[in-house]
Each structure stands twice: as C-alpha cells, then as structure tokens.
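Colleague: here is my input, please return the structure:
(2 chains)
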Protein chains: 2
Amino acid sequence: MEEDRQETPVESGAPDAQRYLDNWRRAEADFENYKKRIEQERAETAKFASTSLILNILPVLDDLDRAFKTVPEKLAHLTWTDGLRLIHRKLQATLEAQGVTEIMALGEKFDTSIHEAVGETTGEDGKVIEEAQRGYRLHGRVIRPAFVIVGNGKQQEKN
Amino acid sequence: MEEDRQETPVESGAPDAQRYLDNWRRAEADFENYKKRIEQERAETAKFASTSLILNILPVLDDLDRAFKTVPEKLAHLTWTDGLRLIHRKLQATLEAQGVTEIMALGEKFDTSIHEAVGETTGEDGKVIEEAQRGYRLHGRVIRPAFVIVGNGKQQEKN
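Modeller: Sure, this is the predicted structure:
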C-alpha cells in the first residue's frame, strides 16, 4: 500500500503543511468517531445477537405450552409426564435468563405496540378477550407481538 | 475535542509538513487496519453470537433425548406422546438450522479434540464404548465435547 505514495512533499513548505495537518486531524477524528460507533453497535449487537435463534425456539415453547394445556387425564400424574413438565419449565427458564419476557395480553387493553389483533369476539370493546399466541420481549424490546382476539363491545347472546 | 489543539503550525514549513504527512498517513493506515479487523471480528461474532444460548438450550435437548429413550410402553403410541416427539424433533431441527451438528462418538476412536473421557470399561482399547452425553459443534467448531466411556482393552469376564 505504502509503495503507491511516491510524492515527496518535504520541499513544498507551509501550504502543504497546513493541508497535511488538516488531513491528519480529520483522519484522527474520523477514526475516533468510527471507534465510538463500533463500540455502541457492539454492545447493541451482543444484546440482540440471539434474536433470530430465540424467534426460532419460541414455536417449540408454544408447542410445549399447548401440550401441557391438554395432557390426557391418564397421563397427567405419571413420572414421565412430570419429567417433561420439568423440561418445559427448563426451556422457559433458559429463555428468561437470556432476557426474554412474556407480554401481558389476556384482559389487558388492546395495544398495537405489543398486540396483534387476529380476530374479534363478543366482549368489552378494545379489551383482549383471548390470546391466540403468546408474545415476547427481549431486553424490553418486542420481538414477537401477542396474537389476540379483541372484544367488539357486543354482549354475548344468552340462551 | 478539536478545541484542545491550539497550535497553529502553518508558519513552520517543510519539516512540519513531512511530520504531518507521516502522521496523516499513519492515521489513515491505522484506521484502515482497524476497519479490516472489525469486519473480520463482526463476521466471526455473527457466526458464534448464539453460542451461549445454544449451550444453555442443549441440556433441554439432552433431557428430551433421554425422555424419548424411556417412554413407558402404555404411553408410547398415544397421540399426545407423538405430539411431544414432534416437538423434540422441531428443537433438533431448529438447532441444526443454526449450524449445530452432533459429534460422532459411539464406536469411534477416542479423540481428545472432540471427546471427553468420563470413565472406562471393558472393550476395545481406546474406542468409545458408551456415550454419556452427546457432544455438539457449531459451524464446525466444538462447543461441547461428547462425554464418553472408553474401552480399556480388557475383555468382559464371561461366566
């Protein structure tokens, strides 16, 4: 690289000196700014580096959530089933330890910043009546909104 | 930052010019080298960013592996159990898609770069006779060695 620069500027005196000094200062300042930006980026990157893996693991957690909502009665009290229940909790705990938290949905006021409406039903207007899929945050940032069914303000017909 | 530099070097002529030019070139070269290093680091970081999360998820996979080695006979053919088996495969597939691969162990020659001996037993000398815990690589790099029990060259006593 250095070989390309063949000009010998020593003789050219003061105007060059000013220009070189300016360039030097600019180069140093650019370098400093770059370093600062990289440091910020690096901290942010480390915090959210696993987002894509987490988003891919969440469906596994969804499936386990669903499976343990519908354990057949005759299996519910077996040691084997308890073992799987512990595995389910272990996966939850592992994700929590990484900064993953659940988004509150059921019974909350519908909020487009954390909820995504996938349907409506009878019930209090603008309130989350049902949670179709749990939402999650990573370090406070929404990585998957909760899929919810929202009340339409109509009363359920009786009889 | 710029305010600190109060020297006005314009009058000082050629020797300064040479020095400023050298400094400018050095600053530019340092900046270029730094950028190159950062780019390399960034590629490497992205590839292995999820290592710690993966290492934390592997015990969940171990538990599922173990659970499906010992399904009680009366549960083995239930839809609910099949559902969980699918969840198990989904977790495996998710990790594979991230670049996670299993380390071969059973029946292989014991290799300290991928295996960790946790015991010995009768069997062919220096051969992996039993796998106590599966090992894994991420993008080819060993992130968890396989825990294995190695043959000691003695024959199992017959009686």
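
Colleague: output the below-cut-off pLDDT ranges for chain A.
Modeller: For chain A, applying pLDDT under 70 flags the ranges A:1-14, A:158-159.

Colleague: tell me the domain ranges of it?
Modeller: As given by automatic domain parsing, the domain ranges for chain A are A:2-45, A:50-151.

Colleague: just how off-centre is the first one within its chain?
Modeller: In terms of C-alpha atoms, centre = their mean, to the nearest Å, the gap separating the centre of domain A:2-45 from the centre of its chain is 38 Å.

Colleague: buried sites along stretch A:142-149?
Modeller: Judged by neighbour count (16 or more other C-beta atoms under 10 Å in any protein chain shown), stretch A:142-149 contains these buried residues: A:143, A:144, A:145, A:146, A:147, A:148, A:149. To be clear about C-beta, it is placed using only N, CA and C from the backbone, and glycine gets the same treatment.

Colleague: do the same with stretch A:47-56
Modeller: A:49, A:50, A:51, A:53, A:54, A:56.

Colleague: separation between residue A:41 and chain B?
Modeller: 9 Å (C-beta to the nearest C-beta, to the nearest Å).

Colleague: okay, now that residue: neighbour count?
Modeller: The number of residues packed near residue A:41 is 12, by other C-beta atoms under 10 Å in any protein chain shown.

Colleague: now do the contacts for the most centrally placed residue in chain A.
Modeller: Residue closest to the average C-alpha location in chain A (C-alpha atoms, centre = their mean): residue A:143, at 3.3 Å. Counting by C-beta atoms under 8 Å, 6 or more residues apart in numbering or on different chains, residue A:143 makes contact with A:51, A:54, A:55, A:100, A:136, A:137.

Colleague: mind picking the two most distant members of the residues you listed?
Modeller: The distance between the two most remote of the contacts of residue A:143 (C-beta to C-beta) is 12.1 Å, for A:55 and A:137.

Colleague: gap between residue A:105 and residue A:34?
Modeller: From residue A:105 over to residue A:34 the distance is 42 Å, taken as C-beta to C-beta, to the nearest Å.

Colleague: between those two, which one's more packed in?
Modeller: residue A:105 (23 against 14).

Colleague: thought the more buried one was touching residue A:115?
Modeller: Yes: counting by C-beta atoms under 8 Å, residue A:105 touches residue A:115, with 6.1 Å between them.

Colleague: stretch A:100-110 near chain B anywhere?
Modeller: No: legend: contact between stretch A:100-110 and chain B by C-beta under 8 Å from any C-beta of the partner chain is lacking; minimum distance shown is 9.9 Å.

Colleague: could you export that stretch as PDB, CA atoms only?
Modeller: This file holds the C-alpha atoms of stretch A:100-110, laid out as PDB (Å, rounded to 0.1, in the frame of the first residue of the first chain):
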ATOM      1  CA  VAL A 100     -36.900 -13.000  27.300                       C
ATOM      2  CA  THR A 101     -40.100 -11.900  29.000                       C
ATOM      3  CA  GLU A 102     -43.800 -12.600  28.200                       C
ATOM      4  CA  ILE A 103     -46.100  -9.900  27.000                       C
ATOM      5  CA  MET A 104     -49.200  -9.400  29.100                       C
ATOM      6  CA  ALA A 105     -52.300  -9.800  27.000                       C
ATOM      7  CA  LEU A 106     -55.400 -11.500  28.500                       C
ATOM      8  CA  GLY A 107     -57.700  -8.900  30.000                       C
ATOM      9  CA  GLU A 108     -55.400  -6.000  29.000                       C
ATOM     10  CA  LYS A 109     -56.400  -3.000  26.900                       C
ATOM     11  CA  PHE A 110     -55.600  -3.800  23.300                       C
END
